[in-house]
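K.L.:
The sequence isn't on hand, but the structure is:
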């Protein structure tokens, strides 16, 4: 989305509305195309708990980034002052950070063009599959359960079974939960047991990765939370052949969403 300002020449302030997941990092873009002299870039915000139009940092050619009032090191200047680019990287956002953010360019002789950007935080309220553990073609059928550790009470198990014509059974156990930053790195263990095999324990660390989305304000109200499958990791383990010559194959599939 661009806004054109008519003054001695065309100027374009480029900034978009930013939608991001709780706890993730986003880019707050702010760039202007002009031949006017730039002396300072000012960032201000209107969020809960702060005065309206709170100036929280400024960027100057000699000193670079300077915090105002309180230092919030989650903000990082990743633009280039000489290119009239005041872009910020904003890390580890919380619900309190939701609101409007405005970049202001101090230009001579044209003045102080600015552009407002709305920051919207998504909490990940939709339940999604975090991991699936499968005991394939087992006879007798296997029991599949999870040791959830610190995620106990925050996730649930969903069990499905399919009986095959040869008398074997495939069992799936899916771990479901609402993705959040607190889940990242947490250890979960899938325990598979059967009369035909020794107990097997497969473990991994849940990884929840979030990515910000940019969208125009016209799409705000109809925003759909898109989850993109970013990575699939399989851990496989095969047991030894038993007297009944049945094969017991178990594997865990962990889904990582962005």
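P.N.:
Received the coordinates, thanks. Just so it is clear, the model here is predicted, and its values are computed rather than measured.

K.L.:
For residue 98, list the residues it contacts.
P.N.:
Listed by CB atoms under 8 Å, 6 or more residues apart in numbering, the contact set of residue 98 reads 47, 48, 119, 120, 121. (Glycine included, C-beta is placed from N, CA and C.)

K.L.:
mind running it again at 6 Å?
P.N.:
119, 121 (CB atoms under 6 Å, 6 or more residues apart in numbering).

K.L.:
Residue 65 too?
P.N.:
Neighbouring residues of residue 65 by CB under 6 Å, 6+ apart: 59, 77.

K.L.:
tell me the pLDDT at it?
P.N.:
On pLDDT, residue 65 comes in at 94.

K.L.:
separation between it and residue 203?
P.N.:
Using CB to CB, to the nearest Å, residue 65 is found at 43 Å from residue 203.

K.L.:
burial of residue 206, as a residue count?
P.N.:
Residues near residue 206, counting by other CB atoms under 10 Å, number 22.

K.L.:
correction: residue 163
P.N.:
10.

K.L.:
Which strand residues bridge residue 129?
P.N.:
Per DSSP bridges, the residues bridged to residue 129 are residue 176.

K.L.:
Wait, it touches residue 174, no?
P.N.:
Yes: counting by CB atoms under 6 Å, residue 129 does reach residue 174; the two are 5.1 Å apart.

K.L.:
can you pull up the bridge partners for residue 76?
P.N.:
Using DSSP bridges, the beta-bridge partners of residue 76 come out as residue 89.

K.L.:
do the one 4 residues further on as well
P.N.:
The residues listed as beta-bridge partners of residue 80 by DSSP bridges are residue 85.

K.L.:
separation between it and residue 87?
P.N.:
Going from residue 80 to residue 87 by CB to CB gives 8 Å.

K.L.:
Compare these two (neighbour count), which wins?
P.N.:
Legend: neighbour count by other CB under 10 Å for residue 80 and residue 87, higher for residue 87 (19 against 11).

K.L.:
What backbone torsions are found at the more buried one?
P.N.:
Note on residue 87: backbone dihedrals following degrees, to the nearest 10 are phi -60, psi 140.

K.L.:
so what's it up against?
P.N.:
Applying CB under 6 Å, 6+ apart, the residues contacting residue 87 are 29, 30, 78, 79.

K.L.:
make it 10 Å
P.N.:
Neighbour list for residue 87: 14-15, 27-31, 41, 76-80, 103 [criterion: CB atoms under 10 Å, 6 or more residues apart in numbering].

K.L.:
what pLDDT does it get?
P.N.:
With respect to pLDDT, residue 87 scores 92.

K.L.:
now residue 192
P.N.:
In this model, residue 192 carries a pLDDT of 89.

K.L.:
now do residue 99
P.N.:
pLDDT for residue 99: 89.

K.L.:
Please apply the same query to residue 135.
P.N.:
For residue 135, pLDDT reads 86.

K.L.:
do the one 3 residues further on as well
P.N.:
According to the model's per-residue confidence, residue 138 sits at a pLDDT of 87.

K.L.:
how close does it sit to residue 25?
P.N.:
Using CB to CB, residue 138 is found at 43 Å from residue 25.

K.L.:
Ok, residue 86 next?
P.N.:
Relative to residue 25, residue 86 is positioned 17 Å away (criterion: CB to CB).

K.L.:
These two - which one has more neighbours?
P.N.:
Set residue 86 next to residue 25 and count neighbours by other CB under 10 Å: residue 86 wins out with 28 against 16.
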